[in-house]
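Enquirer: A predicted structure for the sequence below; I have some questions about it.
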Protein chains: 2
Amino acid sequence: MRGMPTPTLRDVAEAAGVHAATASRALNPATRGLVNADTARRVIKVAETLGYRPNPIARGLKTAKSGTIGLVIPDLTNPLFPPIVRGIERVLETAGYSALIVNTDNDEKRERAQVESLLSRQVEGLIVATALVEHPLLEQLRREGVVMVMVNRRPDALDIPAIVPDDAAGVEMAVRHLVSLGHRRIAHLAGPANTSTGVVRARAFRNTVRELGLDDDPALVTICRYWTEDAGAEALREMLDDGLDFTAVVAGNDLIALGCYDVFGERGIDCPDEISVVGFNDMPFLDKLRPPLTTVAIPHQDIGAEAARLLLDSLADPDRSARSVLFPLSLVVRGSTAAPRAV
Amino acid sequence: MRGMPTPTLRDVAEAAGVHAATASRALNPATRGLVNADTARRVIKVAETLGYRPNPIARGLKTAKSGTIGLVIPDLTNPLFPPIVRGIERVLETAGYSALIVNTDNDEKRERAQVESLLSRQVEGLIVATALVEHPLLEQLRREGVVMVMVNRRPDALDIPAIVPDDAAGVEMAVRHLVSLGHRRIAHLAGPANTSTGVVRARAFRNTVRELGLDDDPALVTICRYWTEDAGAEALREMLDDGLDFTAVVAGNDLIALGCYDVFGERGIDCPDEISVVGFNDMPFLDKLRPPLTTVAIPHQDIGAEAARLLLDSLADPDRSARSVLFPLSLVVRGSTAAPRAV
């Protein structure tokens, strides 16, 4: 019934210039450690390109592994996570793995139950996107020897490999962009203080403001209770009600920036003419907002893919030391930022 | 470490007014058929409300079931699917099931490989969101006795239970809304003809147009090649280049409507002053577009949850006849629709 013949292990081996036995070892996480790391990487790359898919039954019979990975995310309907999940799945699929996904809604009890359920299903490792700065469950799992990779966020002082965006560099880009337009008093609506992204971005904001010699007024930083539109709107209303004077906002993420849009609508504030806003994440469809949102873009699919590769590496060699990757970001300038109105 | 005690099976039984043994049977898909259907439904409802979660290891030991369901979707990064998946997971979790998710990118070969991989992992059933009007793979799975539920779309003439939006009623609402504003020549940018949603919505459009005595010009219906922004933009450009005269567009879905926004931008067309547009789906953040998009809202989480319930029912009683559900929809009126400009 198929149009084209499915590529075989032999095709992959030939294209990669190795013996079939070597290709087989490289593509099986249980035996990958037996192959030179560069060779393994080349074989996997070729397998991805050709669309090769190992037969999980045959693999399962030989190695008695479950072939599944658990993905622990806060909420799939947050537009941040679908591209991360797709990136993860793309890499896992090529390696013959499937993903079991659970949503925790950032509820500690629920997360514990969900992770227990994943472990009871014999997942071989976890990719975790829910890390809090203090995270007793992750500490416990680490002690118990569960193989894990953090994605997007990471807990403080825990030796777990993580793939995270270079948040500090992203915030610096946002502030420098606003300064180049002429802004001097810039506010920051920070994400929750129990998340590494919230803390790192707020710290980078203060550092950049000081470095550039801007007004370093602590009142210009408000911490939002959640990473949501409502929390962003609430925080901005508070700052406006306090009579604070600022011409631009660096929002902790795009949803917080969208909350600002709600407040602009309520109070008849013109964006960008009266207040400029920069978001963070580059969610889909921001180019069609009123006004289109300037934001720091995070390559979420790539971050997911890299997290999956890192987990597969850790499964192949559980003793290797934790390696973390800071992903470079870029600023996407749209209509929500402009020079401040002349006064 | 937990704040509140986790509810036990005994708590659920007590709240539902049944013996613990009955509650246990009702909550286990393998034994649910032994319990009166209304009782089972009540117990499950109570378990959902209390947040009860069965212990999958204990269940697995007794019944030797995998406790997993396969979800087959086209692309998780299409904003339609995350809420459907969340609705599915919410119900599966309460019933002690987990979901293995695969993305097919609407590629037949890839879908076949992905479904084979799911079946090799002993999933107990499939929830499928990729149905095409003609779908040999689904026919084959049906013949092989795989338990399946379709969600969002359904194949023609296949006796598989499906949970789908009441697309025809939704299109009728959209057209009636435009007519009430004074529009008489309304175009339809239909979804692909190999999807049930595309076909059903286009048929409903023609029917409503005829019923209301509007200009039933076949040139006013263009079929888009994909459910995407680019395909929507391409189709609208074609109609405008053909010099067709219309004052409103009913788009097959929100992404196609967003494609119209791109063309409006390119050609300096004012929406809604020159052309009104209605979308379909009510994706997140449409209220913040320029202009905010009027659209037909589909309760995606509820549709997902109902699909999961239907699958659990089918697993408990494989012989019951296929039951399909048409979900009611509603129109969300925003700024992209207005009276046509006086001529």
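Expert: Received the coordinates, thanks.

Enquirer: Do you have the helices of the stretch 1-150 of chain A handy? List them.
Expert: Using DSSP state H, counting those that start in this stretch, the helices of the stretch 1-150 of chain A run over A:9-16, A:20-27, A:37-50, A:56-63, A:81-94, A:108-120, A:136-143.

Enquirer: ok, and which of those has the densest surroundings?
Expert: For the helices of the stretch 1-150 of chain A, average neighbour numbers computed from mean count of other C-beta atoms under 10 Å in any protein chain shown are highest in helix A:81-94, which has a mean of 23. Every C-beta, even on glycine, is put in place using the N, C-alpha and C of the backbone.

Enquirer: for the residue in chain A positioned nearest to chain B, what are its contacts?
Expert: Residue nearest to chain B within chain A (C-beta to the nearest C-beta): residue A:290, separated by 3.6 Å. Shown in contact with residue A:290 (C-beta atoms under 8 Å, 6 or more residues apart in numbering or on different chains): A:261, B:288, B:289, B:290, B:291, B:292.

Enquirer: rewinding a little: of the helices of the stretch 1-150 of chain A, which shows the lowest average pLDDT?
Expert: Ranked on mean pLDDT, the bottom entry among those is helix A:56-63, at a mean of 43.

Enquirer: who in the stretch 151-300 of chain A is up against chain B?
Expert: Residues of the stretch 151-300 of chain A lying near chain B by C-beta under 8 Å from any C-beta of the partner chain: A:258, A:261, A:283, A:284, A:285, A:288, A:289, A:290, A:291, A:292.

Enquirer: For these, give me TSV that also has secondary structure and pLDDT.
Expert: Below are these laid out as TSV (DSSP: H, G, I helix; E, B strand; the rest coil; pLDDT from 0 to 100):
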residue	secondary structure	pLDDT
A:258	helix	95
A:261	helix	96
A:283	coil	89
A:284	coil	85
A:285	coil	87
A:288	helix	86
A:289	strand	89
A:290	coil	84
A:291	coil	92
A:292	coil	94
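
Enquirer: Give me the buried subset of those.
Expert: A:258, A:261, A:283, A:284, A:285, A:288, A:289, A:290, A:291, A:292 (16 or more other C-beta atoms under 10 Å in any protein chain shown).

Enquirer: Test my guess that the first one contacts residue B:284.
Expert: I take that to be residue A:258. No. Between residue A:258 and residue B:284 there is no contact under C-beta atoms under 8 Å: 9.6 Å.

Enquirer: how about the nearest residue to residue A:205, chain neighbours excluded?
Expert: Sequence neighbours aside, residue A:188 is the residue nearest to residue A:205 in space, at 4.4 Å (criterion: C-beta to C-beta, 6 or more residues apart in numbering or on different chains).

Enquirer: Shouldn't the one you found be within a strand?
Expert: Yes. Under DSSP: H, G, I helix; E, B strand; the rest coil, residue A:188 sits within a strand.

Enquirer: For it, which residues are in contact?
Expert: Residue A:188 neighbours (C-beta under 8 Å, 6+ apart): A:201, A:202, A:205, A:220, A:221, A:222, A:249, A:250, A:252.

Enquirer: give me the number of residues near residue A:317?
Expert: 11 (other C-beta atoms under 10 Å in any protein chain shown).

Enquirer: pLDDT score assigned to it?
Expert: Value listed for residue A:317 in the pLDDT field: 81.

Enquirer: so it makes contact with residue A:35?
Expert: No. The pair residue A:317 / residue A:35 is not scored as a contact, 11.3 Å apart, by C-beta under 8 Å.

Enquirer: phi, psi of the closest residue to residue A:242 other than its chain neighbours?
Expert: In space, and not counting its chain neighbours, residue A:242 is closest to residue A:219: 7.1 Å by C-beta to C-beta, 6+ apart. Main-chain torsions, residue A:219, degrees, to the nearest 10: phi -70, psi -20.

Enquirer: Then the one 10 residues further on?
Expert: Comment: the main-chain dihedrals of residue A:229 come out as phi -60, psi -50, following degrees, to the nearest 10.

Enquirer: Next, count neighbours for the residue nearest to it when sequence neighbours are not counted.
Expert: Excluding its sequence neighbours, the residue lying closest to residue A:229 (C-beta to C-beta, 6+ apart) is residue A:259, at 4.1 Å. Counted with other C-beta under 10 Å, the neighbours of residue A:259 add up to 23.

Enquirer: part of a helix, is residue A:259?
Expert: Yes. Assigned with three-state DSSP, residue A:259 falls within a helix.

Enquirer: From residue B:332, how far out is it?
Expert: Noted for residue A:259: a distance of 20 Å to residue B:332, by C-beta to C-beta, to the nearest Å.

Enquirer: got it, and residue A:71?
Expert: As defined by C-beta to C-beta, residue A:71 lies at a distance of 32 Å from residue B:332.

Enquirer: Then residue A:215?
Expert: In terms of C-beta to C-beta, residue A:215 sits 42 Å off from residue B:332.

Enquirer: Pick out whichever of these two has more residues nearby.
Expert: Taking neighbours as other C-beta under 10 Å, residue A:215 and residue B:332 compare with residue B:332 leading, 16 against 12.

Enquirer: What's opposite that one in the beta bridge?
Expert: residue B:295 (DSSP bridges).

Enquirer: surely it meets residue B:281?
Expert: No. Between residue B:332 and residue B:281 there is no contact under C-beta under 8 Å: 10.3 Å.

Enquirer: Between the two, which contacts overlap?
Expert: B:295, B:296, B:297.

Enquirer: Which residues lie in contact with the last one in this structure?
Expert: Listed by C-beta under 8 Å, 6+ apart, the contact partners of residue B:297 are B:281, B:282, B:329, B:330, B:331, B:332.

Enquirer: That concludes my questions; thank you for your assistance.
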